[in-house]
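# take a look and give me a structure for this.
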Amino acid sequence: LISIEDCIKASKFSKKGDDGDNDDGVIAESVVFIDGSWYHRGGRDGRQEFKNGPRIKGAKYIDMDDIATAKELFPNLNPKGLPHMLPPKELFAAT
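Predicted structure coming up:
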């Protein structure tokens, strides 16, 4: 894990070949920040907090439970029916 500040710094560019060590505020178009906040307890709602902001410009939200490997859909990938399991790579990529 890295800090948000380090992540933003690493994604910035100003010209081809730039090492990202600049402060022009430009984020590479190929970089998309994903917020997958999930809380086990405490009544917090990651999706609602993302909607309420603040957030990084252009960031997207993903709820892993929306695409989790459910036993009903993928019985061979999740035979024990465990919650919150990563989906098959094809489904994750399509998300």
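# touching, residue 58 and residue 35? I think so.
No: no contact is recorded between residue 58 and residue 35 when judged using C-beta atoms under 8 Å, the distance being 11.3 Å. From N, CA and C alone the C-beta is placed, and that goes for glycine too.
# contact partners for the closest residue to residue 84 other than its chain neighbours?
Spatial nearest neighbour of residue 84, chain neighbours left out: residue 68 (5.6 Å); criterion: C-beta to C-beta, 6 or more residues apart in numbering. Taking C-beta atoms under 8 Å, 6 or more residues apart in numbering, we find residue 68 in contact with 83-87.
# same deal with residue 51?
Residue 51 sits in contact with residue 61, where contact means C-beta under 8 Å, 6+ apart.
# which residues touch the residue nearest the centre of the chain?
Among the residues of the chain, the smallest C-alpha distance to the mean C-alpha position (C-alpha atoms, centre = their mean) belongs to residue 34, namely 2.6 Å. Going by C-beta under 8 Å, 6+ apart, residue 34 touches 59-62.
# just those: which are in strands?
Assigned to strands by DSSP state E, the following of the contacts of residue 34 qualify: 60-61.
# top of the contacts of residue 34 by neighbour count?
residue 62 (17 neighbours; other C-beta atoms under 10 Å).
# what's the spacing between it and residue 76?
As defined by C-beta to C-beta, to the nearest Å, residue 62 lies at a distance of 24 Å from residue 76.
# quick one: contacts of stretch 88-95?
Everything outside stretch 88-95 that qualifies as a contact, by C-beta under 8 Å, 6+ apart, is 62, 67, 69, 74, 77, 86-87.
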